[in-house]
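S.K.: Next one to model:
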Amino acid sequence: MQSSTIAFSPSLSLSTHPRKLPVRGFNPLSVSTTGRQCLTNGAALFASTTRKLSPISCSLNQSGWISGPTPGSPEPKSDGVIVVQATAESAGAAETPKSKSFQDTLVLGTLFGLWYLFNIYFNIYNKQVLKAFHYPMTVTLVQFAVGTVLVTLMWTLNLYKRPKISGSQLLAILPLAFVHTLGNLFTNMSLGKVAVSFTHTIKAMEPFFSVVLSSMFLGEYPTLWVVSSLLPIVGGVGLASMTEASFNWAGFWSAMASNLTNQSRNVLSKKFMVKKEDSLDNITLFSIITIMSFFLMAPTAIFMEGIKFTPSQLQAAGVNVNQLYTRSFIAALCFHAYQQVSYMILQRVSPVTHSVGNCVKRVVVIVTSVLFFRSPVSPINSLGTGIALAGVFLYSRVKSIKPKPKTA
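M.R.: Next up is the predicted model:
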């Protein structure tokens, strides 16, 4: 669901045991017709070769063991005799880079697949919960609660290193947790009001808010190419909004507020988490923010909506309790899982590649939600959504173009 990432990389290991050269196929002497003639000379040839051949040494490079002349010894003269230099390389070592590259590609492809799959399941189950249970604050609280339990288990079981956080770091992370809480709350409010496809179409405007906020608070002014890529995003969202069957202002402005808060989180992370000694990796930062968001959301949800998730209250409202609990848990599990996987991908690829993948993810979520919920979509609405998503893709590409330095 969340498309932005919080701003908040292989080596060759050498064995200490020497490798044994394969015996099969290794022939140190290649006997030709000339060689057979020379063998008739017997002892004369043996004496000649022992005088001419230099010592052989072995060295280790990345391809394997290489045998060759000892450094500093003169090159042997042939004198009509064929001198053979034997080279034995391990076939397995030569194939190691290729196999490692294939494994890395396989892992990365699996992560992308899980990223998309968790997103699809989250949006579908979350929408079903919000249709039956009209309390977005409580739903958001449950998602942060499940995430907090998962983070605690991850640290307790040493699945991920438990960080050592100072008080100054917590103070710096607090604003990030606050806007992170608001961003997820506003997204759930929008999903409860309008179709999943429309919410994600509006959220395609995140690059627009990113450019505006970065210019205002970080002094990072966009290039002409970046500004040009924003035009189809804004135009496409406007066209889709005009023809959206499920449109209402509450859902529209909630999605817009989600864009604003999520991009504010990115700007704040750049502004406050800049000291190298205070920096945290993305997964650790996200884990800490999840716990802090839970403690921020709990009193707010209870105060604003009360305790509405007890079995008796749900039964009184005519809600299938077991079904609601199961779908809420799956949605919360997928919510935390897809964001964790997103940061794992970000550690393996460039931000531009991650942005392109995020754009494709949004397309996948929109298409699957339309098919699953049978949402009515007009041709103009589809056109507007397509234009907006094409603008997002264009933005992710031109964002990597650096302006040429000015020459004096």
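
S.K.: Any idea how far stretch 150-158 is from the middle of the chain?
M.R.: Once both centres are worked out by Cα atoms, centre = their mean, to the nearest Å, stretch 150-158 turns out to sit 21 Å from its chain's centre.

S.K.: List the buried residues in the helix or strand where residue 365 lies.
M.R.: According to DSSP states H and E, residue 365 maps onto helix 351-373. Across helix 351-373, burial judged by 16 or more other Cβ atoms under 10 Å covers 354-366, 368-370, 373. Where C-beta positions appear, they are placed from N, C-alpha and C, glycine not excepted.

S.K.: So which residues lie in contact with the helix or strand that comes right after it, not counting its own?
M.R.: Next along the chain after helix 351-373, taking DSSP H and E as the criterion, comes helix 379-398. For helix 379-398, contacts defined as Cβ atoms under 8 Å, 6 or more residues apart in numbering pick out 197, 201, 204-205, 207, 223, 225-226, 228-245, 352, 355-356, 358-359, 362-363, 366.

S.K.: Now list the buried members of those.
M.R.: Here, 16+ other Cβ under 10 Å leaves 197, 201, 204-205, 207, 226, 229-230, 232-234, 236-237, 239-241, 243-244, 355-356, 358-359, 362-363, 366 buried among those.

S.K.: Now go through the residues you listed and say which are in strands.
M.R.: Using DSSP state E, no member of these sits in strands.

S.K.: Just the ones of the residues you listed in helices?
M.R.: Using DSSP state H, 197, 201, 207, 226, 229-230, 232-234, 236-237, 239-241, 355-356, 358-359, 362-363, 366 are the members of the buried ones among the contacts of helix 379-398 that sit in helices.

S.K.: how far away is the closest residue to residue 181 other than its chain neighbours from residue 206?
M.R.: Spatial nearest neighbour of residue 181, excluding adjacent residues (Cβ to Cβ, 6 or more residues apart in numbering): residue 293 at 4.3 Å. Residue 293 is 19 Å from residue 206, where distance means Cβ to Cβ, to the nearest Å.

S.K.: quick one: low-confidence ranges for the stretch 251-400 of the chain?
M.R.: Residue ranges of the stretch 251-400 of the chain with pLDDT under 70: 271-279.

S.K.: what ranges do the strands span in the stretch 51-200 of the chain?
M.R.: Counting by DSSP state E, counting those that start in this stretch, the stretch 51-200 of the chain has strands at residues 56-61, 64-69.

S.K.: which ones are touching residue 300?
M.R.: residue 137.

S.K.: which SS class is it?
M.R.: Secondary structure state of residue 300, per DSSP: H, G, I helix; E, B strand; the rest coil, is helix.

S.K.: I'd like the distance between it and residue 270.
M.R.: 27 Å.

S.K.: How about residue 131?
M.R.: For residue 131, the distance to residue 270 - Cβ to Cβ - is 37 Å.

S.K.: The two: which is more packed in?
M.R.: Shown here are residue 131 and residue 270; by other Cβ atoms under 10 Å, residue 270 has more neighbours (15 against 11).

S.K.: Let me know the distance separating that one from residue 138.
M.R.: Residue 270 is 32 Å from residue 138, by Cβ to Cβ.

S.K.: Check residue 241 too.
M.R.: For residue 241, the distance to residue 138 - Cβ to Cβ - is 28 Å.

S.K.: And residue 214, by the same measure?
M.R.: Distance from residue 214 to residue 138, by Cβ to Cβ: 34 Å.

S.K.: between those two, who's got more neighbours?
M.R.: Taking other Cβ under 10 Å, residue 214 and residue 138 do not tie; residue 138 has more neighbours (22 against 17).

S.K.: Contact partners for residue 242?
M.R.: Here residue 242 is in contact with 380, 384 (Cβ under 8 Å, 6+ apart).

S.K.: change the start of the numbering to 448 and stick with it
M.R.: Yep, numbering from 448; the last one is residue 689 now.

S.K.: and the angle for the top helix by length along the chain with helix 798-820?
M.R.: Using DSSP H, we find that the single longest helix of the chain is helix 543-579. Per axes from the mean of the first three to the mean of the last three Cα atoms, to 10 degrees, the angle that helix 543-579 makes with helix 798-820 is 40 degrees.

S.K.: Could you list the buried residues of helix 543-579?
M.R.: Residues of helix 543-579 classed as buried by neighbour count (16+ other Cβ under 10 Å): 555, 558-559, 561-563, 565-577, 579.

S.K.: Can you tell me the SS state at the one residue sitting closest to the centre of the chain?
M.R.: In the chain, the C-alpha nearest the mean C-alpha coordinate belongs to residue 792, at 2.0 Å (Cα atoms, centre = their mean). Assigned by three-state DSSP, the conformation of residue 792 is helix.

S.K.: State the distance from it to residue 552.
M.R.: Distance from residue 792 to residue 552, by Cβ to Cβ: 13 Å.

S.K.: what does residue 727 give?
M.R.: In terms of Cβ to Cβ, residue 727 sits 28 Å off from residue 552.

S.K.: cool, and residue 558?
M.R.: 11 Å.

S.K.: repeat for residue 796
M.R.: 11 Å.

S.K.: Could you do residue 685 as well?
M.R.: 39 Å.

S.K.: ditto for residue 841
M.R.: 26 Å.

S.K.: How about residue 604?
M.R.: Note on residue 604: its distance to residue 552, by Cβ to Cβ, is 29 Å.

S.K.: Likewise for residue 683?
M.R.: Taking Cβ to Cβ, one finds residue 683 at 33 Å from residue 552.

S.K.: now swap in residue 779 and tell me
M.R.: 31 Å.

S.K.: Equivalent analysis for residue 661, please.
M.R.: 33 Å.
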